[in-house]
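Enquirer: pasting a predicted model and its sequence here:
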Amino acid sequence: MSDPASVFSEPNSFTAPLFEQLKRHPKRIVFTEGEDERVIRVAGRMVELGIGVPILLGNRKRVFAMAADLGVSTKFVRVIEPARSSDFQLFCDRVERIEKYRGITGVDAESMVSKPHYFAAMMVQYGQADACVGGNITPPAGVFRPLLHFIKPDANVPRVFAVTVSVSSNLSHFGADGVLFLADTGLIPDPTVQDLASIAVETGLLAHHHLGRRSRVAMLSHSNHGSSPTESALRMQAAAASARDKVNVEQCDIDGEIQLDVAIDPSAAEVKLPETSRKAPADVLVFPSLDAAHITAKVLKHIGGATNYGRIIRGLTRPAAQVPRTASEETILGTAAAVGVEASHFRDLHPEWSGE
């Protein structure tokens, strides 16, 4: 039998600091699709590293049998069957009250709460878990819908969006630390100026907290500071200006609209936009559309060989993430660590939110 830990990479410039923080402050991470070999291996690895308490949703007998076959210890791993949980009726009652408040009658609360993605969202919202990760089996819409339905939105973020963290030690011009934050990779097809400004600020702050330094945010376009005044370029330009008005300059430097090579390669910046050539490579790339961001994330992973983590959901009052169905154990583990650390620093990321 192979060593379950052998499927994981050595901690990298993104995950190593996450693991160190979580060893000091472990978090409870609920995985919505626990009947998956990858998730079971991740759960065992989390316990082995001492970074958190994994909570797997699924059939208990099946999960424990799978773990035994894989040679993964289930010590300190919780497995919950939603419909048999001690919280099941409590969550059903809360669903009925929520839907009644929304003016919706006749809802089948038991059917809804028995679904793992809805159950996990309620666990996180009501403090039974610190963060949740899903999507390793279910299409994205099946993950996003319960989160948006039951987790309270952040009033300071106009629309919920998603961030993919891409890491590479081999590709050139890959951020100052081999880490790039890409947004929005998941939810808003055609973001407005307001959306883009919010995405820039929130992702810049996320990068600032993860990197432990001032982050540089690039609002990407085919244009450089007015060189091509198309509607798309003007939208990115306006979003950059709006974002700069909203952010603490000691935490984030926001530039745009600029081309990708200018954002990440100082030699290209020196030729095309000399006033930016002395800046560090961008850490955050904000794209003009969902298509551009999503395609870029896939190109970096499947052609460039980068490791992607997330998508980390932003704009909710609790940490959550959606991983692709093709996610490796490494991606799931790093994503879980990212939302775990986000739970630790949520007050820093959202100082205005009172939690009420």
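Expert: Right, received. Where do you want to start? Residues are numbered from 1 along each chain as shown.
Enquirer: can you list phi and psi of Q194 for me?
Expert: Dihedral angles of Q194 (phi, psi; degrees, to the nearest 10) stand at phi -60, psi -40.
Enquirer: can you check D108 too?
Expert: Taking degrees, to the nearest 10 as the convention, D108 sits at phi -90, psi 90.
Enquirer: low-confidence stretches in the stretch 251-356 of the chain?
Expert: When residues are selected by pLDDT under 70, those of the stretch 251-356 of the chain lie in 277, 346-356.
Enquirer: what ranges do the helices span in it?
Expert: Secondary structure of the stretch 251-356 of the chain, counting by DSSP state H, counting those that start in this stretch: helices at 260-264, 266-272, 290-302, 329-344, 346-349.
Enquirer: in the second one, what's buried?
Expert: Judged by neighbour count (16 or more other CB atoms under 10 Å), helix 266-272 contains these buried residues: 268-269, 272. (Each C-beta comes from the backbone N, C-alpha and C, glycine too.)
Enquirer: before we move on, what about the fourth one?
Expert: Neighbour-count burial for helix 329-344, with 16+ other CB under 10 Å as criterion, is recorded at 329-344.
Enquirer: and for stretch 244-261?
Expert: Those buried within stretch 244-261 under the rule 16+ other CB under 10 Å are 244, 247, 252-260.
Enquirer: likewise stretch 312-319?
Expert: Buried residues in stretch 312-319, counting neighbours by 16+ other CB under 10 Å, are found at 312-319.
Enquirer: any low-confidence regions in the stretch 1-150 of the chain?
Expert: For the stretch 1-150 of the chain (pLDDT under 70), the answer is 1-5, 106.
Enquirer: partners of the helix or strand that contains V217 in the sheet?
Expert: In this structure, V217 sits in strand 215-220 according to DSSP states H and E. Strands adjacent to strand 215-220 in the sheet, as given by DSSP bridges, are strand 252-258 (parallel), strand 284-286 (parallel).
Enquirer: right, and the helix or strand after it?
Expert: Downstream of strand 215-220 (by DSSP H and E), the next one is helix 231-246.
Enquirer: pretty sure A162 is in a strand, no?
Expert: Yes - assignment of A162 by DSSP: H, G, I helix; E, B strand; the rest coil places it within a strand.
Enquirer: what sits against the closest residue in space to G256 that isn't next to it in sequence?
Expert: Counting by CB to CB, 6 or more residues apart in numbering, M219 is the residue found nearest to G256 once chain neighbours are left out, at 2.6 Å. Residues near M219 by CB atoms under 8 Å, 6 or more residues apart in numbering: 196, 200, 236-237, 239-240, 243, 254-258, 286.
Enquirer: separation between the nearest residue to K301 once chain neighbours are set aside and V95?
Expert: What sits nearest to K301 in space, not counting adjacent residues and going by CB to CB, 6+ apart, is N308, at 4.9 Å. Taking CB to CB, to the nearest Å as the measure, N308 falls 33 Å from V95.
Enquirer: so if I had to pick from the two, which one is more boxed in?
Expert: Set N308 next to V95 and count neighbours by other CB atoms under 10 Å: N308 wins out with 26 against 21.
Enquirer: quick check, the more buried one in contact with S168.
Expert: No - using CB atoms under 8 Å, N308 and S168 do not qualify as a contacting pair, with a distance of 9.8 Å.
Enquirer: which residues are in contact with both of these two?
Expert: Common neighbours of N308 and S168 (CB under 8 Å, 6+ apart) are L300.
Enquirer: reformat the strands paired with strand 215-220 into JSON lines and put distance to N156 next to each item.
Expert: As requested, the strands paired with strand 215-220 are exported to JSON lines (distance: least, CB to CB, whole Å):
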{"stretch": "strand 252-258", "distance to N156": "15"}
{"stretch": "strand 284-286", "distance to N156": "17"}
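Enquirer: before we move on, the earlier item: which strand residues bridge the residue nearest to K301?
Expert: Beta-bridge partners for N308, by DSSP bridges, are S166.
Enquirer: how close does it sit to A141?
Expert: 19 Å.
Enquirer: what does F64 give?
Expert: 30 Å.
Enquirer: for V299, same thing?
Expert: Distance from V299 to A141, by CB to CB: 23 Å.
Enquirer: can you tell me the helix or strand for K23?
Expert: Assigning secondary structure by DSSP H and E places K23 in helix 15-24.
Enquirer: hang on, the earlier thing: could I get the contacts of M219 as CSV with distance to L180?
Expert: Conversion of the contacts of M219 to CSV gives the following (distance: CB to CB, whole Å):
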residue, distance to L180
L196, 18
A200, 14
M236, 18
Q237, 22
A239, 19
A240, 18
A243, 18
I254, 16
D255, 15
G256, 16
E257, 18
I258, 15
V286, 11
